[in-house]
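Enquirer: Give me coordinates for this.
(2 chains)
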Amino acid sequence: MSEPIIELRNITKTFGTGPTAFQALRGVDMTIARGDFVAVMGPSGSGKSTTMNILGCLDVPSTGEFLFKGVHVEKLERDERAMLRRRYLGFVFQGFNLLNRTNALENVELPLLYRGEGRAERHAIAMEALDKVGLKDWWDHTPAELSGGQQQRVAIARAIATHPDVLLADEPTGNLDTARSIEIMELLTRLNRESNITVLMVTHEPDMAAFARTIVHFRDGLVERIESPERELA
Amino acid sequence: MFGTTLVLALREIRRHLLRSFLTTLGIVIGVAAVVTMVTLGNGATAAVTEQISSLGSNILNVNAGQGFGRGGGGPPPQPFKLADVDAVRTQIAGVKSVAPQASASTTAIYEGQNWQTTINGTTNDYLVNQQWGLAQGREFSSAEEQAGKSMCIIGNTVRSNLFPTGEALGRRIRLGNVSCDVIGVLARRGTAGFGQDQDDTVLMPIKTVMRRFAGNQNVRTIQISVDTAYDSAAVQESLKALLRERRGIRPGADDDFNIFDTAQIAETLSSSTRVMTSLLAAVAAVSLVVGGIGIMNIMLVSVTERTREIGIRLAIGAVQREVLMQFLVEAVALSCLGGIIGLVLALVATIALTPVMGVPFTFDPQINIVAFAFSALIGVVFGYFPARRAASLNPIDALRHE
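Expert: The predicted structure is shown next:
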């Protein structure tokens, strides 16, 4: 097992204050190794989305420590967390979240834009990412002209264009049929293996979770159990 | 980064072309209104100044009698004499030239043609005062002025009526029952500010007019051109003192003459048109501000509409300043585009309106720059609030927004 890239130590998260306060996380401890493929499962309200938001540096825990590559994320300002996302994280969402009326290439170029890459550089990197997801020939199509599976692959290309350390996928197959879902999962598995990207994925479906190396089950704001179905060489 | 932001903003504006146009219409109208008002106002001011200066620049006209207000009773004021003119010429500092005037109405006749006109008895100094040159011929010689010779310099209107085809110079015309040689033709001047034809005149030596037409030695008006190096008000003061003394007016008594200062009239008239211009521009400026509110309104709608897009941008690592800039640049680009369209519209409007209003067309770069800068400023001011709102969105909520 390689070194941990993410460590959660006794994380709690409370929404609201006073009598209406709701404690979504009640002391989560979790360590994720670099290069792992983690599926996060659990019923609605179990705290898995909240955990993913914290792992994605989009939200901060109420108490506890979150170390990302040894950095205490819970102490960072909003813009500092944005810089972390920009450099090390890629996001894939259930609803794809591509910009409408903007072609595939421009969508993939978006994170590179914020990195300040030049026009030619941006173009080359984005095309390379589209090639990786097998959509090189579709670069000038807008989301409306692409199928759901293709849209999700564009979203994945956008997420990996910056060569992130961690890819966070929030129900990436939630809006897709089984055949497309399996394509996406195979793509994620390949990226995990070949590009050594750590993948964190929330899913409802055990079939999809089966692609992961580690499955974390959440229940009532706590980690219920962790299984490693194919920890062949552990 | 800024260039990219600008490209993105322009792309966004192009995507919603109609909406962008309607949004910026307020700015378009505001800028067009301000620039048109000010340009036309400046034109009107220039026209007024031009008309007044056609009366002669820096000219004081001294008339016997007390102006317009005090008609009626009392003996008629004693008229000026040529001696008064000489006194003014020799005793007042700052006087460049002094021309006496005496006039008479008459009919000018040459062969079959006749023309009703006004004889202006004066000296060559009148031409100096008026900065009026000759188209043909020569001025009076001093001997002719002194002797009161029967010679005349005719205006262009008189020339064209008496000599529709032929040469005027050297011909002998008849004014009433006086024969008179044409020694010069005045340069064409056109219509003065108050509609009278300046070219409809015949100049003769004042002594000729006094003897042959008026039958007295009265000088109706003393026209004085003030040297621009001197203060016109000070010259007026010493002029007043001299004339009071010569006319024996006791201290405390009112003047029995009046001094009409063309520079002052020009100043008064042009300052009043300037005030009108500022008022109109101020009203127009209000519409600019209203246009700004329109931009704020649409930018707020746009932020709400694009909440999810903002969420995506924040998630992939945009910092707040970048989102703020994106929306701010968009608002400013929108208002600047409106400003440019407004300037073009104003240019078209002023070119179309100036001939209708009889005002000269003047392109004033200053007001164009100011109006454009103001439209950009409005973009910044009214774009800031929506942009601020976009930048402070919570990325999680924004992503979840439907």
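Enquirer: what about the helices in the chain?
Expert: Because you didn't say which chain, this covers chain A. A:48-55, A:78-88, A:104-115, A:119-132, A:148-160, A:178-194, A:206-209 (DSSP state H).
Enquirer: meant chain B, my bad for not saying
Expert: Counting by DSSP H, the helices of chain B are B:2-15, B:17-53, B:82-91, B:124-130, B:142-147, B:156-162, B:206-208, B:232-246, B:262-305, B:307-315, B:320-357, B:365-391, B:395-400.
Enquirer: Do the second one and chain A come into contact?
Expert: No. With CB under 8 Å from any CB of the partner chain as the measure, helix B:17-53 is seen stopping short of chain A, the closest distance being 12.7 Å. No exception for glycine: its C-beta is placed from N, CA and C like everyone else's.
Enquirer: who does that helix touch, helix- and strand-wise?
Expert: helix B:262-305, helix B:320-357, helix B:365-391 (3 or more CB pairs under 8 Å, 6 or more residues apart in numbering or on different chains; DSSP states H and E).
Enquirer: at 10 Å what do you get?
Expert: In this structure, helix B:17-53 packs against helix B:2-15, helix B:262-305, helix B:320-357, helix B:365-391, with contacts taken as 3 or more CB pairs under 10 Å, 6 or more residues apart in numbering or on different chains; DSSP states H and E.
Enquirer: mind putting these in CSV, mean pLDDT, mean neighbour count and distance to A:R78 included?
Expert: Shown next, in CSV, are those (pLDDT from 0 to 100; neighbours: other CB atoms under 10 Å in any protein chain shown; distance: least, CB to CB, whole Å):
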stretch, mean pLDDT, mean neighbour count, distance to A:R78
helix B:2-15, 81, 15, 20
helix B:262-305, 86, 17, 18
helix B:320-357, 92, 20, 7
helix B:365-391, 92, 19, 10
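Enquirer: Kindly present these as TSV, with separate columns for distance to chain A.
Expert: What follows is the helices and strands packed on helix B:17-53, written out as TSV (distance: least, CB to the nearest CB, whole Å):
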stretch	distance to chain A
helix B:2-15	6
helix B:262-305	11
helix B:320-357	6
helix B:365-391	10
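Enquirer: okay, these in a markdown table with distance to B:L169 next?
Expert: Below are the helices and strands packed on helix B:17-53 laid out as a markdown table (distance: least, CB to CB, whole Å):
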| stretch | distance to B:L169 |
| --- | --- |
| helix B:2-15 | 69 |
| helix B:262-305 | 31 |
| helix B:320-357 | 36 |
| helix B:365-391 | 47 |
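Enquirer: And those: which comes nearest A:L176?
Expert: helix B:262-305 (26.8 Å; CB to CB).
Enquirer: In chain A, which residue sits closest to chain B?
Expert: Closest to chain B within chain A is A:R86: 2.6 Å, counting by CB to the nearest CB.
Enquirer: who touches that residue in this structure?
Expert: Going by CB atoms under 10 Å, 6 or more residues apart in numbering or on different chains, A:R86 touches A:57, A:111, A:114-115, A:162, A:164, B:315-319.
Enquirer: mind redoing it with 7 Å?
Expert: A:111, A:114-115, B:316-317 (CB atoms under 7 Å, 6 or more residues apart in numbering or on different chains).
Enquirer: again, but for A:G42
Expert: A:48, A:217-219.
Enquirer: Of those, which belong to strands?
Expert: Per DSSP state E, strands hold the following members of the contacts of A:G42: A:217-219.
Enquirer: Of these, grab the buried ones for ChimeraX.
Expert: Restricted to buried positions by 16 or more other CB atoms under 10 Å in any protein chain shown, the ChimeraX selection for the ones in strands among the contacts of A:G42 reads:
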select /A:217,218
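Enquirer: Closest to B:L40 out of the ones in strands among the contacts of A:G42?
Expert: A:F218 (73.3 Å).
Enquirer: Run a quick neighbour tally on the closest residue to A:N97 other than its chain neighbours.
Expert: By the measure of CB to CB, 6 or more residues apart in numbering or on different chains, the closest residue to A:N97 outside its immediate chain neighbours is B:I312, 5.1 Å from it. Under the neighbour criterion other CB atoms under 10 Å in any protein chain shown, B:I312 is assigned a count of 25.
Enquirer: Spit out the contact partners of B:I312.
Expert: B:I312 neighbours (CB under 7 Å, 6+ apart): A:97, A:99, B:399.
Enquirer: so which of the contacts of A:R86 is the most crowded?
Expert: Of those, with other CB under 10 Å as the count, A:P111 tops at 30 neighbours.
Enquirer: Please look at it and B:G317 and confirm they touch.
Expert: Yes. Using CB atoms under 7 Å, A:P111 is in contact with B:G317, at 6.3 Å.
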